[in-house]
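A.B. asks: take this sequence and fold it.
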Amino acid sequence: MFEQLVGKLPVGIAVVDAQFQVIYLNDFFLDRLPHEWRNTYKKTPVTDIFTEQGKFLKRRLKSVFVLRHPSFSYWEQRPHIFPFKSSRPITGEETQMYQNMEILPIKDKESGNTYACIFLQDVTAQASYFRAQQKLSHALKQEHEAQRKLIKKLDSAQSHLIQAEKMASTGQLAAGIAHEINNPIGFVNANLDTLSQYASHLVAICDGVETHLFDMEGELKEQIKALYNSNRYALLKDDIHELLVESQDGLTRVRDIVENLKQFSLDNKEGMQVIELKGLLEQLIKLISTQYGKPQYKLQCDAERLQIIGDPSMIKQALMNIVLNAAQAIEEKGFVKITLLEQEDTVTVKVLDSGKGIPPQLHKRIFEPFFTTKPEGQGQGLGLSVAYTAIEKHKGKITVSSKQDKGTVIDICLPKSQPDLIDET
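C.D. replies: Numbering: from 1, shown residues only. Sure, this is the predicted structure:
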């Protein structure tokens with residue numbers, strides 16, 4: 001009865017021995033196994049069944065067997081440990097499963113053998129809710145005081161629309177950045193915690209070496225050898241370097257994300273200024289890719305420095321809305337390519353994406369305020385309207401060409417100088 005109960009639990013349970021061979025799988029695991037393993041999984045190393053996850057699982061299992069302590073992995077740290085799908089209860093839609101994993105050491109009282117029990121929990125619904133809440137919480141922030149001059153020529157209603165769009169796009173990016181910061185902090189802390197346990201064993205070995213000299217013979221030498229073996233020195237030496245490298249990578253990611261955000265929002269001046277487009281777009285790509293990492297981003301520019309005269313806040317907002325739209329149009333794999341072309345008196349920014357495109361009957365409406373093809377609650381339909389207004393204010397032109405299911409191209413042509421554009425106060 002107990003085995004039947006465990007087999008039907010809505011969580012994954014797998015038991016492996018010290019050689020990582022599978023001893024038991026409950027129905028949660030069995031139903032999701034590749035067909036070729038369903039009748040042959042017993043006594044097969046779990047690292048052979050799940051080859052892509054083999055290195056990660058091997059490290060975690062080694063840690064449990066050596067230290068006799070549980071090992072935890074949360075979805076914020078590693079979202080998809082096993083290649084399983086998760087079904088929505090109502091719609092039946094399948095998405096990649098977000099998982100929490102805990103590995104516990106267990107000992108058979110009769111045989112004295114030690115095993116590891118893997119508990120796997122499907123947390124896809126909780127993860128989706130958490131991410132949605134992060135985005136929504138940042139969508140309520142007020143517009144910065146420095147952007148007021150951008151909306152002075154608009155009437156009261158248009159002013160509120162632009163403010164709402166800026167808050168929405170800024171909130172989406174801020175939510176993604178906050179999540180990206182939390183991820184590296186999570187696994188750096190986890191690794192450092194494990195490293196501290198490793199360090200205690202290394203101290204024990206060093207203390208033993210100080211007490212028992214290697215040049216002695218007989219029983220003392222055997223004691224030193226036993227000390228090295230009992231503390232698994234070879235394992236510690238092999239694993240500690242990789243943990244340090246991972247920790248350093250996490251800290252580097254935190255530093256880069258924060259630095260990119262700082263650089264993108266550093267300019268607080270108002271009015272007409274020299275804008276270096278290549279550097280601005282490089283910062284913008286790094287910023288957007290922290291949240292929308294599925295597309296491959298490519299920036300092509302033949303000139304080292306490509307400058308125009310304009311209002312930085314307006315140009316930044318317009319380009320951010322356009323590139324953000326391109327990134328959001330890509331549901332799975334794809335690319336966003338940005339090309340900068342210099343003419344005699346103008347500069348053209350061409351944004352090409354391989355997304356789902358726009359149906360022909362909707363081409364004439366894409367610059368209308370409130371028009372959007374996104375699901376309700378995911379956009380106000382103001383991104384391209386705001387961009388169009390900003391480009392028009394700079395005496396530029398913006399055109400869109402799109403084919404459904406093939407992608408979209410947006411061309412932005414801007415004059416290099418603005419002799420007739422007056423900075424109003």
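A.B. asks: going forward, measure contacts between C-alpha atoms and count neighbours the same way
C.D. replies: Fine.
A.B. asks: looking at this, Phe65 is in a helix?
C.D. replies: Yes: Phe65: assigned to a helix according to DSSP: H, G, I helix; E, B strand; the rest coil.
A.B. asks: that one: how many residues sit nearby?
C.D. replies: For Phe65, the neighbour count with other CA atoms under 10 Å is 19.
A.B. asks: roughly how far apart are it and Thr114?
C.D. replies: Separation of Phe65 from Thr114 (CA to CA, to the nearest Å): 8 Å.
A.B. asks: likewise Ser71?
C.D. replies: Distance from Ser71 to Thr114, by CA to CA: 15 Å.
A.B. asks: what about the strands in the stretch 251-400 of the chain?
C.D. replies: Here the stretch 251-400 of the chain has its strands, by DSSP state E, counting those that start in this stretch, at 273-276, 295-301, 307-310, 334-342, 346-353, 397-403.
A.B. asks: tilt between the last one and strand 346-353?
C.D. replies: Same thing as strand 397-403. Between strand 397-403 and strand 346-353, the angle comes out at 30 degrees (axes from the mean of the first three to the mean of the last three CA atoms, to 10 degrees).
A.B. asks: now strand 397-403 - C-alpha only, CSV.
C.D. replies: Written as CSV, here are the backbone C-alpha positions of strand 397-403 (Å, rounded to 0.1, in the frame of the first residue of the first chain):
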residue,chain,number,x,y,z
LYS,A,397,10.6,59.4,-40.9
ILE,A,398,9.6,55.9,-39.7
THR,A,399,8.2,53.2,-42.0
VAL,A,400,7.2,49.6,-41.4
SER,A,401,7.3,46.6,-43.7
SER,A,402,6.0,43.2,-42.4
LYS,A,403,5.0,39.8,-43.7
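A.B. asks: contacts for that strand?
C.D. replies: 357-360, 363, 388, 391, 408-414 (CA atoms under 8 Å, 6 or more residues apart in numbering).
A.B. asks: which among those end up buried?
C.D. replies: 357-358, 388, 391, 408-414 (16 or more other CA atoms under 10 Å).
A.B. asks: circling back: so for Ser71 and Thr114, which sits in the more crowded spot?
C.D. replies: With neighbours defined as other CA under 10 Å, Ser71 and Thr114 compare such that Ser71 has more, 18 against 15.
A.B. asks: find the nearest non-adjacent residue to the more buried one, please.
C.D. replies: Of all residues not flanking Ser71 in the chain, Ile103 sits nearest, at 5.1 Å (CA to CA, 6 or more residues apart in numbering).
A.B. asks: helix or strand for that neighbour, just tell me which one.
C.D. replies: strand 99-107 (DSSP states H and E).
A.B. asks: quick one: strands adjacent to that strand?
C.D. replies: If you go by DSSP bridges, strand 99-107 pairs up with strand 71-73 (antiparallel), strand 114-122 (antiparallel).
A.B. asks: turn the ones you listed into CSV, including distance to Lys333 and mean pLDDT.
C.D. replies: What follows is these, written out as CSV (distance: least, CA to CA, whole Å; pLDDT from 0 to 100):
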stretch, distance to Lys333, mean pLDDT
strand 71-73, 27, 90
strand 114-122, 24, 92
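A.B. asks: redo the ones you listed as CSV? Include distance to Glu52.
C.D. replies: Shown next, in CSV, are the strands paired with strand 99-107 (distance: least, CA to CA, whole Å):
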stretch, distance to Glu52
strand 71-73, 17
strand 114-122, 17
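A.B. asks: and of those, who's closest to Phe187?
C.D. replies: Evaluated over those, closeness to Phe187 peaks at strand 71-73, with 8.7 Å, by CA to CA.
A.B. asks: so which other helices or strands are in contact with whichever helix or strand comes after the closest one?
C.D. replies: Downstream of strand 71-73, the first helix or strand assigned by DSSP H and E is strand 85-87. Packing partners of strand 85-87 (3 or more CA pairs under 8 Å, 6 or more residues apart in numbering; DSSP states H and E): strand 94-96.
A.B. asks: which helices and strands does the strand it packs on pack with?
C.D. replies: Using 3+ CA pairs under 8 Å, 6+ apart, strand 94-96 sits against strand 85-87.
A.B. asks: for Asn39, which of the strands paired with strand 99-107 is the nearest?
C.D. replies: Checked against CA to CA, the stretch from the strands paired with strand 99-107 lying closest is strand 114-122, at 19.9 Å.
A.B. asks: quick revisit: now the strands of the stretch 251-400 of the chain in JSON lines, with mean neighbour count, distance to Ile23 and mean pLDDT?
C.D. replies: Formatted as JSON lines, the strands of the stretch 251-400 of the chain follow (neighbours: other CA atoms under 10 Å; distance: least, CA to CA, whole Å; pLDDT from 0 to 100):
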{"stretch": "strand 273-276", "mean neighbour count": "15", "distance to Ile23": "62", "mean pLDDT": "89"}
{"stretch": "strand 295-301", "mean neighbour count": "16", "distance to Ile23": "41", "mean pLDDT": "90"}
{"stretch": "strand 307-310", "mean neighbour count": "20", "distance to Ile23": "65", "mean pLDDT": "90"}
{"stretch": "strand 334-342", "mean neighbour count": "19", "distance to Ile23": "41", "mean pLDDT": "92"}
{"stretch": "strand 346-353", "mean neighbour count": "20", "distance to Ile23": "49", "mean pLDDT": "93"}
{"stretch": "strand 397-403", "mean neighbour count": "16", "distance to Ile23": "54", "mean pLDDT": "88"}
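A.B. asks: adding distance to Leu236, write the ones you listed out as a markdown table.
C.D. replies: Shown next, in a markdown table, are these (distance: least, CA to CA, whole Å):
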| stretch | distance to Leu236 |
| --- | --- |
| strand 273-276 | 50 |
| strand 295-301 | 38 |
| strand 307-310 | 54 |
| strand 334-342 | 41 |
| strand 346-353 | 47 |
| strand 397-403 | 56 |
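A.B. asks: of all the ones you listed, which one is nearest Gln53?
C.D. replies: strand 295-301 (23.6 Å).
A.B. asks: can I get the closest one as CSV, trimmed to CA atoms?
C.D. replies: Presented in CSV, the C-alpha positions along strand 295-301 are these (Å, rounded to 0.1, in the frame of the first residue of the first chain):
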residue,chain,number,x,y,z
PRO,A,295,16.3,36.2,-29.7
GLN,A,296,19.9,36.5,-31.0
TYR,A,297,20.8,40.2,-31.1
LYS,A,298,23.1,41.6,-33.8
LEU,A,299,24.2,45.2,-34.3
GLN,A,300,25.9,46.1,-37.6
CYS,A,301,27.5,49.5,-38.1
